[in-house]
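Q: Please find the sequence and the predicted model below.
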Amino acid sequence: MGRLRPFLGLRQREYSREFHALQSITFELRKGETAGIIGRNGSGKSTLLQIICGTLTPTDGSVEVNGRVAALLELGSGFNPEFTGRENVYMNGAILGLSEAEIDSKFASIHAFSEIGDFIERPVKTYSSGMMVRLAFAVIAHVNADILVIDEALSVGDAFFVQKCMRFLRKFMETGTVLFVSHDTGAVVNLCNQAVWLEAGKLVAQGHPKEISEAYLQKQYESMQEVVIKQTSAHHVQPPDRMDTVLSPAVRDMRTDIINNSDLRNDIEVFSFDERASGFGAGGAKVVQALLTDQHNAPLSWIVGGEVVCLHVEVSAVTKLSRPIVGFIVRDRLGQALFGDNTYISHKDRPVAVPAGDRLSARFTFQMPRLPRGDYTLSLAVADGTQLEHTQHCWLHDALSFKSHSTSVTTGLVGVPVQEIILERR
């Protein structure tokens, strides 16, 4: 009856209103570039990809795409659940512009890449979500596309297959164009030339992945503050003033003496705390100093990778902190998180309350991993509450920086202590 009212001329309330999934989005992605689209659920990310791929038609504006597009959008989209995997390969290949002869020549490779075995002859409706992604990705990896469009598909599946897909993507990125949606800002910083941030269907910002990701992270924390404060305000904790943590001795790498007496010694130059570092937070606490020292608290301007160091963080409480948490995270120049920790677990049963105006000191003692040559930064954070429910009072991006000048690391993001290596002739 409600839908008939407008046609009958009856007075009515407003029963519906227009909703625009996207509004005034404009950006350009050139050949060979990789763009990551970030934003909260409902921001219009998937809709944008579907418009670019042609599965949705915009009600206004236009999209210009030059080249063959291969897309991996919603899980199972483009598959007929009643068809077998083999039949879906041929159907999807045809949709993507391949002839039957081309699919014939590529089928064995597609099947091998998917790693689904005999399931290739079974209906897709019997597949797990991981198997469906395997087959879908295997198809788009073999269609000689110019542009790849991916919507969070790689969040499904085991680590080995995801690594396999990432190797393909990195190779494809050398010449092709990639557009993907991800909630992992680390992946966006690591993989992309640019980032596009959407919010409520609108373009908030576009630019350098690290800068856009940091701004997005700040906005996320700011939007959570109201809820978090309400959730934690009922806690009235009166903890003791201090709690000591027992630390286990670090493992010693058997090659330390050999490495440290050669040009492979991991010499890491440490720069001073940057009090002007960009950041965000509710402002109830402020990091006033951070430095790295040896185990005798002597400040270090150089560190040897593999040795034990202490990170000291001094915090000024602007407001009362009932359950303060101090943490850090180390990233490489691409923004990839290498390692980090915080004080929550070691002090969750006996938190250290700090009145407004007092200072809080945190110390982390750990074995510095051996780092490949390059630049690194250390970000700091101070919160009040628990791991899941807290107020983020202070977050400083790149508060400390250091540079690895020489290293014995040949593979991987970091080098870890190896207790024993044996090579024997049998």
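A: Happy to help now that I have it.
Q: By residue count, which strand of this structure is the longest?
A: Determined from DSSP state E, the single longest strand within the chain is strand 390-404.
Q: Buried residues in it, which are they?
A: 390-402, 404 (16 or more other C-beta atoms under 10 Å). Backbone N, C-alpha and C define where each C-beta goes, glycine included.
Q: which stretches of this structure have low pLDDT?
A: Counting by pLDDT under 70, the chain has low-confidence residues at 1-20, 74-77, 152-160, 163, 224-258, 334.
Q: What are the boundaries of the helices in it?
A: Ranges of helices in the chain, per DSSP state H, are 5-8, 45-53, 85-95, 100-114, 129-140, 159-172, 185-191, 209-232, 256-260, 344-347.
Q: still on that earlier bit, helices and strands around the longest strand of the chain, which ones?
A: In terms of contacts (3 or more C-beta pairs under 8 Å, 6 or more residues apart in numbering; DSSP states H and E), strand 390-404 is packed against helix 209-232, strand 267-270, strand 279-280, strand 285-293, strand 374-385.
Q: In stretch 360-374, which residues are buried?
A: In stretch 360-374, counting by 16+ other C-beta under 10 Å, buried: 360, 362, 364, 367, 368, 369, 370, 371, 372.
Q: Looking at these, which two lie furthest apart in space?
A: 360 and 372 (33.8 Å; C-beta to C-beta).
Q: and residue 379, what does it touch?
A: 328, 329, 331, 395, 396, 397, 398, 399 (C-beta atoms under 8 Å, 6 or more residues apart in numbering).
Q: Need these in JSON lines (columns: distance to residue 419).
A: What follows is those, written out as JSON lines (distance: C-beta to C-beta, whole Å):
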{"residue": "328", "distance to residue 419": "26"}
{"residue": "329", "distance to residue 419": "27"}
{"residue": "331", "distance to residue 419": "27"}
{"residue": "395", "distance to residue 419": "36"}
{"residue": "396", "distance to residue 419": "35"}
{"residue": "397", "distance to residue 419": "35"}
{"residue": "398", "distance to residue 419": "33"}
{"residue": "399", "distance to residue 419": "33"}
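Q: Quick one: distance of stretch 107-114 to the chain centre.
A: Centroid separation between stretch 107-114 and its chain, computed with C-alpha atoms, centre = their mean, to the nearest Å, is 29 Å.
Q: With stretch 37-55 instead?
A: 18 Å.
Q: now swap in stretch 53-71 and tell me
A: Centre-to-centre, stretch 53-71 and its host chain are 27 Å apart (C-alpha atoms, centre = their mean).
Q: list the contacts for residue 210?
A: So residue 210 contacts 189, 335 (C-beta under 8 Å, 6+ apart).
Q: now do 10 Å
A: By C-beta atoms under 10 Å, 6 or more residues apart in numbering, residue 210 lies in contact with 185, 188, 189, 190, 192, 195, 331, 333, 334, 335, 397, 398.
Q: for residue 396, same thing?
A: Counted by C-beta under 10 Å, 6+ apart, residue 396 has contacts 273-281, 286-287, 290, 328, 378-382.
Q: ok, residue 112 to residue 102 distance?
A: Per C-beta to C-beta, to the nearest Å, residue 112 is found 17 Å from residue 102.
Q: what does residue 178 give?
A: Counting by C-beta to C-beta, the gap from residue 178 to residue 102 is 22 Å.
Q: So for these two, which residue has more residues nearby?
A: residue 178 (22 against 15; other C-beta atoms under 10 Å).
Q: Distance check, the closest residue to that one other than its chain neighbours against residue 297.
A: With C-beta to C-beta, 6 or more residues apart in numbering as the measure, residue 34 is the residue that lies nearest to residue 178, at 4.3 Å, once sequence neighbours are left out. Going from residue 34 to residue 297 by C-beta to C-beta gives 45 Å.
Q: Quick check: the two most widely separated of the contacts of residue 210?
A: Taking C-beta to C-beta as the measure, those span a maximum distance of 19.1 Å, between 192 and 398.
Q: Run through the bridge partners of residue 384.
A: Legend: beta-bridge partners of residue 384 under DSSP bridges are residue 324, residue 391.
Q: and it, what does it touch?
A: So residue 384 contacts 228-229, 232, 235, 282, 284-285, 317, 319-325, 351, 353-354, 390-393 (C-beta under 10 Å, 6+ apart).
Q: now swap in residue 332 and tell me
A: Residue 332 neighbours (C-beta under 10 Å, 6+ apart): 189, 190, 338, 371, 372, 374, 375, 376, 377, 404, 413, 414.
Q: go with 6 Å
A: residue 376 (C-beta atoms under 6 Å, 6 or more residues apart in numbering).
Q: What's the local residue count around the residue nearest to residue 339 when sequence neighbours are not counted?
A: Leaving out its chain neighbours, the residue that sits closest to residue 339 by C-beta to C-beta, 6+ apart is residue 330, at 5.5 Å. The tally of other residues near residue 330 (other C-beta under 10 Å) stands at 21.
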